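[1] sequence first, predicted model second:
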Amino acid sequence: MNKQATVFAAFRAAFPITVPILAGFMFLGIAYGVFMNLSGFGAGWAFFMSLLIFAGSMEFVAVSLLLGAFNPLGALLLTLMVNARHLFYGLSMLEKYKGTGWKKPYLIFGMCDESFSLNQSATIPREVDRGWFMFFVTLLNHVYWVAGATIGGLLGSFVHFDLEGLEFVMTALFVVIFIEQWMKEKVHDSAMIGIGVSVVCLIVFGADRFIIPAMLVILAILTLARKKLERETIAAEKGEPL
């Protein structure tokens, strides 16, 4: 297979699984663009911020930072708090991103929640190049977000939307991804660990502070139980008793 065919095959495999992200990102991106416009920033701001930052939650927060007093240290700390979960995402993607060459810097830059979920859970066909597949998943999601934000920035001057409830779009999308992953896996131990730890941390730390403690505990448990979980997964795939 020549290089052009390899690239096209990867694009053709990646595009269908990003279509749900397209739907979610267009809604949220348009909402973000409208929000930027209503805050006094034109479509150009929405375009460049979505292109260069590509972190949905932080982009909304960045609007208030731009409108507030100059405080670079506070902005840095707030950014770390909002996006700290990506530290854990990155650790789990070290092996997957290995050997991807020049694509690796962009894969790291573009690793939003949705790209991480798809690249982590997707079953890549054997004939499809892994690096190109993950590159197109990341690129397509990036394009969807930038397009939605730019459209919202352009429409914000002419049309006013009721944005209430739009933030639930991506929550619903993650529920669908989780259910699909659950149905695909034969061993659900890691999923149960994630659910159990998250519920306990939610009760202990509250809704505003539970994410980082939950991720730390999940990472620790999965690291300690890694070999056992791998043996159970291999046994399940072979149809052997656990």
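    Everything's here; your move.
[2] do you know how far the residue nearest in space to the middle of the chain is from residue 5?
    The C-alpha lying nearest the average C-alpha coordinate of the chain belongs to residue 113 (Cα atoms, centre = their mean; 1.4 Å). Look at residue 113 and residue 5: by Cβ to Cβ, to the nearest Å, they are 31 Å apart. Using the backbone N, CA and C atoms, a C-beta is placed for each residue, glycine as well.
[3] with residue 178 instead?
    When distance is defined by Cβ to Cβ, residue 178 is 34 Å away from residue 5.
[4] who has more neighbours out of these two?
    The neighbour count for residue 178 versus residue 5, taken as other Cβ atoms under 10 Å, is higher for residue 178 (15 against 10).
[5] pull the contacting residues for that one.
    residue 191 (Cβ atoms under 8 Å, 6 or more residues apart in numbering).
[6] gap between it and residue 117?
    For residue 178, the distance to residue 117 (Cβ to Cβ) stands at 9 Å.
[7] which ones are touching the nearest residue in space to residue 124 that is not next to it in sequence?
    Nearest non-adjacent residue to residue 124, counting by Cβ to Cβ, 6 or more residues apart in numbering: residue 133, 5.2 Å away. For residue 133, the contacting residues are 10, 13-14, 122, 124, by Cβ under 8 Å, 6+ apart.
[8] pLDDT (mean, whole number) over the helix or strand where residue 133 lies?
    According to DSSP states H and E, residue 133 maps onto helix 130-155. Helix 130-155 shows a mean pLDDT of 94.
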